[in-house]
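Trainee: Model the following, please.
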Amino acid sequence: HHAKDWSAQGARQLLETAAHPRVVAAGECGLDYFRNFSSPKEQAYAFEAQLDMAADLKLPVFLHQREAIEPFVNILDHYLDKLPRAVAHCFTDTGNALDALLERDLYIGITGWICDERRGHHLRDLVGRVPAERLMLETDAPYLLPRDLKPKPKSRRNEPRYLPHIARVVAECVGKTPEQLAAETTATARHFFNLDAL
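Mentor: Below you'll find the model as predicted:
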């Protein structure tokens with residue numbers, strides 16, 4: 001959304017931050033054509049600059065894509081062999097988009113969107129196509145509060161404490177126990193972010 005504000009100074013600050021030894025990934029970066037607060041050209045420029053930085057630092061990337069799958073993968077294809085790993089965070093797209101991402105060995109992040117009967121019902125069928133070692137769970141806090149939480153919190157603010165709820169829904173969709181799914185996705189996240197090395 002703020003790609004139009006990209007500057008050399010901002011890029012230097014981002015590089016200094018990303019180079020810190022405790023930083024485990026670069027991002028969130030990508031393309032969002034849903035709102036287009038910045039033009040597609042501005043978004044592509046900032047996205048490529050951030051992918052260059054991640055490749056130079058050998059960091060995994062935390063990616064965002066909304067209504068821009070074709071230009072997104074076209075840009076990403078130039079970087080995948082230079083990046084250790086990449087996750088398509090907050091996946092909400094179609095089966096064709098999922099296939100395109102999995103063909104590129106991306107990890108797939110599933111949020112409370114899967115708990116939304118109005119918009120996320122299709123994810124209940126798609127999530128089973130994600131290999132266990134590529135599936136990651138996330139909340140996207142403070143956004144995307146799961147709609148099926150009971151009782152509903154007074155605040156619409158999503159929080160990490162709702163991750164077990166998302167895990168239960170995903171586990172049901174893929175035919176696993178919540179405990180098995182939690183163990184698998186925790187191992188996947190530890191590997192993706194190389195947490196054991198910290």
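
Trainee: got the CA coordinates for stretch 164-183 in CSV?
Mentor: In CSV, the C-alpha atoms belonging to stretch 164-183 read as follows (Å, rounded to 0.1, in the frame of the first residue of the first chain):
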residue,chain,number,x,y,z
PRO,A,164,-5.6,-22.6,18.4
HIS,A,165,-9.2,-21.9,17.1
ILE,A,166,-7.8,-21.6,13.6
ALA,A,167,-5.8,-24.7,14.1
ARG,A,168,-8.9,-26.6,15.2
VAL,A,169,-10.8,-25.5,12.0
VAL,A,170,-8.0,-26.4,9.7
ALA,A,171,-7.4,-29.8,11.5
GLU,A,172,-11.1,-30.6,10.9
CYS,A,173,-10.7,-29.7,7.2
VAL,A,174,-7.7,-31.9,6.7
GLY,A,175,-8.8,-34.8,8.8
LYS,A,176,-6.2,-34.5,11.6
THR,A,177,-6.4,-33.9,15.3
PRO,A,178,-5.6,-30.4,16.4
GLU,A,179,-2.6,-31.7,18.3
GLN,A,180,-1.2,-33.4,15.2
LEU,A,181,-1.8,-30.3,13.1
ALA,A,182,-0.2,-28.1,15.7
ALA,A,183,2.9,-30.3,15.9
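
Trainee: what ranges do the helices span in this structure?
Mentor: 8-18, 40-57, 69-76, 95-103, 121-126, 163-174, 178-192 (DSSP state H).

Trainee: residues making contact with stretch 20-31?
Mentor: 17-18, 40, 43-44, 46-47, 50-51, 53-54, 57, 59-66, 68, 71-72, 75, 89, 192-195, 198 (Cβ atoms under 8 Å, 6 or more residues apart in numbering). Where you see a C-beta, it was placed from the backbone N, CA and C, and this is true even at glycine.

Trainee: Among those residues, name the buried ones.
Mentor: 18, 43-44, 46-47, 50-51, 53-54, 59-65, 68, 72, 75, 89, 192-193 (16 or more other Cβ atoms under 10 Å).

Trainee: what's the distance between the residue nearest the centre of the chain and residue 175?
Mentor: Residue closest to the average C-alpha location in the chain (Cα atoms, centre = their mean): residue 89, at 1.0 Å. Computed as Cβ to Cβ, to the nearest Å, the residue 89 to residue 175 distance reads 24 Å.

Trainee: again, but for residue 181
Mentor: On the measure of Cβ to Cβ, residue 181 and residue 175 end up 10 Å apart.

Trainee: Which of the two has more residues huddled nearby?
Mentor: residue 181 (23 against 9; other Cβ atoms under 10 Å).

Trainee: hang on, that one packs against residue 170?
Mentor: Yes. Between residue 181 and residue 170 there is a contact under Cβ atoms under 8 Å: 6.1 Å.

Trainee: which residues do the two both contact?
Mentor: residue 137.

Trainee: quick one: which of the helices of the chain is nearest residue 157?
Mentor: helix 163-174 (14.2 Å; Cβ to Cβ).

Trainee: Flag every buried residue along that closest one.
Mentor: Going by 16+ other Cβ under 10 Å, helix 163-174 has these buried residues: 163, 165-167, 169-171, 173-174.
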